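> Here is my input, please return the structure:
(one chain, ligands or ions: 2)
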Amino acid sequence: MHLKRAFYIGRFQPFHKGHYSVIKTIGKDIDELVIGVGSAQRSHETPNPFTAGERIMMIRHSLADTDIKHYAVPIDDIQQNAVWVSYVTARTPPFDIVYSNNPLILELFEEAGIETKQPPMYHRDKYSGTLIREKMIAGEDWEQFVPEAVTEVIEEIDGVRRLKNVSGSDQTF
Ligand SMILES: Nc1ncnc2c1ncn2[C@@H]1O[C@H](COP(=O)(O)OP(=O)(O)OP(=O)(O)O)[C@@H](O)[C@H]1O
Ligand SMILES: NC(=O)c1ccc[n+]([C@@H]2O[C@H](COP(=O)(O)O)[C@@H](O)[C@H]2O)c1
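Ligands and ions are numbered 1, 2, ... in the order given. Predicted structure coming up:
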C-alpha cells in the first residue's frame, strides 16, 4: 500500500495557529505529513529564538489533539539553493507533494519535478511569527495566537525571558 505523504516546511518561531490551521487542512488530503523544521541550526536570536528541539516539542504537543501522523525533521540551512531539494529529500521520509506559499520553495521543488500546492492563508494579518515575537518582546498578549500546547512549551523553557534578553530589550515597558 502506498501512503500519500506530504512535506511542509517553516521555521516555526514559534509554531502558531496559522500553521496549525494549514496543517489541519493539508491533513484532510494526505495520509502522513513530513514537517521540516527549517533553519534548524538557528536559535537564541531575535528572529529565531527557539532551538530545533524546542520547535519539535511545540509541533508534537500541538498536533496531539489531531489524528495527523507526522514526522518533524530538523533541516539546517545550506549555502546552495541549487542542491537544496536533494539535501532535504536525503533527510526526510519520502513524500509525493509539497505544500508551501514560499516562492523559492515552490520553484525549487517544481524544478525537481515534485508536485506542489499552495495552501490557503489563515488570517495572515494576525497569525505570523514576526508579530508574535514582537508581542512577546513588548510584553503584550501573544498567547491567543498560538495553540495552548505552545504556550506551555514556551513557559517550560522560559522562552519569553530568553527572547527579551537576546533582543536586548529586557526592560520594563
Ligand atoms: N497565518 C498563516 N496561514 C497560513 N500559512 C501561514 C501562516 N503564517 C505562516 N504561514 C506559512 O507557514 C510556513 C512556515 O512559515 P514560518 O514558520 O516562517 O511562519 P511565519 O509566520 O511566516 O514566520 P516569520 O514571521 O517568523 O517569518 C510558510 O510557508 C508560511 O507562508
Ligand atoms: N538553501 C537553503 O538552505 C534553503 C532554501 C530554501 C528554503 N530554506 C529554508 O526553508 C524554510 C522556509 O521557511 P519559510 O517559508 O518560513 O521561509 C526556512 O528555514 C529557510 O531557511 C532553506
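> Residues of this structure that sit close to ligand 2?
9-11, 38-39, 77-78, 81, 84, 102, 104-105 (CB under 6 Å from any ligand atom). To be clear about C-beta, it is placed using only N, CA and C from the backbone, and glycine gets the same treatment.
> how about 5 Å then?
9-11, 38-39, 77-78, 81, 84, 102 (CB under 5 Å from any ligand atom).
> Make a markdown table from those residues and add pLDDT, secondary structure and neighbour count to it.
Output for those, formatted as a markdown table (pLDDT from 0 to 100; DSSP: H, G, I helix; E, B strand; the rest coil; neighbours: other CB atoms under 10 Å):
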| residue | pLDDT | secondary structure | neighbour count |
| --- | --- | --- | --- |
| 9 | 98 | strand | 20 |
| 10 | 98 | strand | 23 |
| 11 | 98 | coil | 20 |
| 38 | 98 | strand | 23 |
| 39 | 98 | coil | 20 |
| 77 | 98 | coil | 12 |
| 78 | 98 | coil | 12 |
| 81 | 98 | helix | 12 |
| 84 | 98 | helix | 18 |
| 102 | 97 | coil | 13 |
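> Quick check: of these, which lies closest to ligand 1?
Using CB to the nearest ligand atom, residue 10 is the member of these that sits closest to ligand 1, with 2.3 Å.
> mind listing what the closest one touches?
Contacts for residue 10 were tallied using CB atoms under 8 Å, 6 or more residues apart in numbering; they are 19, 35-38.
> Out of these, list just those in strands.
35-38 (DSSP state E).
> Residues of the chain that sit close to ligand 1?
Going by CB under 5 Å from any ligand atom, the residues of the chain near ligand 1 are 10-12, 18, 22, 100-102, 121-122, 124, 127-130.
> Please indicate which of these are buried?
Listed as buried from these are 10-12, 18, 22, 100, 122, 127, 129; burial here means 16 or more other CB atoms under 10 Å.
> Pull the distance from stretch 9-25 to the chain's centre.
5 Å (CA atoms, centre = their mean, to the nearest Å).
> quick one: secondary structure of the nearest residue to residue 17 once chain neighbours are set aside?
Distances taken as CB to CB, 6 or more residues apart in numbering put residue 127 closest to residue 17, at 5.2 Å, once the chain neighbours are dropped. Three-state call for residue 127 (DSSP: H, G, I helix; E, B strand; the rest coil): coil.
> Indicate the residue of the chain located nearest to ligand 2.
The nearest approach of the chain to ligand 2 comes at residue 38, 2.3 Å away (CB to the nearest ligand atom).
> Might you report the residue contacts of residue 137?
Contacts of residue 137 (CB under 8 Å, 6+ apart): 46, 163-164, 167, 169.
> any idea how far it lies from residue 164?
Separation of residue 137 from residue 164 (CB to CB, to the nearest Å): 6 Å.
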